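Student: how would this look folded up:
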Amino acid sequence: MNKVLTLMLGLWAAVPSQLQAQQVYVSRNATISFYSSAPIEDIQAQTSQAVSAVNLATGSVYFKVQIRSFRFPKSLMQEHFNTDYMGSDQYPYAEFSGKLQGLPADPADGAYPVMVDGKLTIHGVSKEYKENGTLTLNSGRLTIVSSFKVKLADHRIKIPSLLFQHIAEVVDVKVNATYLKSAPPQAGTR
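Tutor: Predicted structure coming up:
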């Protein structure tokens, strides 16, 4: 009887982690774009190479993007962005790690307003952000959309005085990620 009770308790304890594994969604091609309006020239860039994961059971969310993956309308803008401003060789990635707040306990298909609260690391500097977003579930697919502002000085991104009219001090960032449910890990694999 004790063996059966121990086995049942062991299975019961495993249920939450199995449920959590079933609630993990992964995006391998999240889109991140930014726009900077300045008196002389507007600057915009986009990448669809960000990766992200969301665990609906815990609300955890993570994004990572290679800085050099952003594409600009002009190659010279892209070169200056990577070498003069972002130091992409020294700081190759931007990352966000945080929590989705406002999720229903058992979300069904539909759109949900959420608050995204976490730490954004750009140019080697981390800063806390708390932004609104929308999470949409539709037939096993999850989409997260958010937009927010990033003040360059908060991440120690310096604008040379000669170029202050070319680049805004605050950049509008948009995130659009579509996720698929991740398969639970197989026994014996990592």
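
Student: And Ser139, how close does it get to Ile159?
Tutor: Distance of Ser139 to Ile159, computed by Cβ to Cβ, to the nearest Å: 45 Å. Backbone N, C-alpha and C define where each C-beta goes, glycine included.

Student: So between the two, which is more surrounded?
Tutor: The neighbour comparison of Ser139 against Ile159 (other Cβ atoms under 10 Å) goes to Ile159, with 17 against 5.

Student: OK, contacts around the residue nearest to Pro104 when sequence neighbours are not counted?
Tutor: Nearest residue to Pro104, sequence neighbours excluded (Cβ to Cβ, 6 or more residues apart in numbering): Tyr112, at 6.6 Å. Applying Cβ atoms under 8 Å, 6 or more residues apart in numbering, we find Tyr112 in contact with Gly102, Leu103, Pro104, Thr134, Leu135, Thr136, Leu137.

Student: Could you give the average pLDDT over the host helix or strand of Gly98?
Tutor: Secondary structure assignment for Gly98, by DSSP states H and E: strand 93-101. Mean pLDDT, computed over strand 93-101, is 97.

Student: when you give positions from now on, start the count at 30
Tutor: Sure thing, new numbering starts at 30, so read that last one as strand 122-130.

Student: Quick check: buried residues in whichever helix or strand comes after it?
Tutor: Using DSSP H and E, the helix or strand that follows strand 122-130 in sequence is strand 139-151. For strand 139-151, the neighbour count (16 or more other Cβ atoms under 10 Å) marks Val143, Val145, Gly147, Leu149, Thr150, Ile151 as buried.

Student: next one: stretch 164-176
Tutor: So stretch 164-176, judged by 16+ other Cβ under 10 Å, has buried residues Leu164, Leu166, Leu171, Thr172, Ile173, Val174, Ser175.

Student: same deal with stretch 58-75?
Tutor: Neighbour-count burial for stretch 58-75, with 16+ other Cβ under 10 Å as criterion, is recorded at Ala59, Thr60, Ile61, Ser62, Phe63, Ser65, Ile72, Gln73, Ala74, Gln75.

Student: Spatially nearest residue to the last one, not counting backbone neighbours?
Tutor: Residue nearest to Gln75 in three dimensions, not counting chain neighbours: Ser62, with 4.0 Å by Cβ to Cβ, 6+ apart.

Student: OK, contacts around that neighbour?
Tutor: Each residue near Ser62 by Cβ under 8 Å, 6+ apart is listed here: Gln73, Ala74, Gln75, Thr76, Val202, Lys203.

Student: wait, which of these is closest to Ser89?
Tutor: Ser89 lies nearest to Val202 out of the contacts of Ser62, by Cβ to Cβ, at 20.5 Å.
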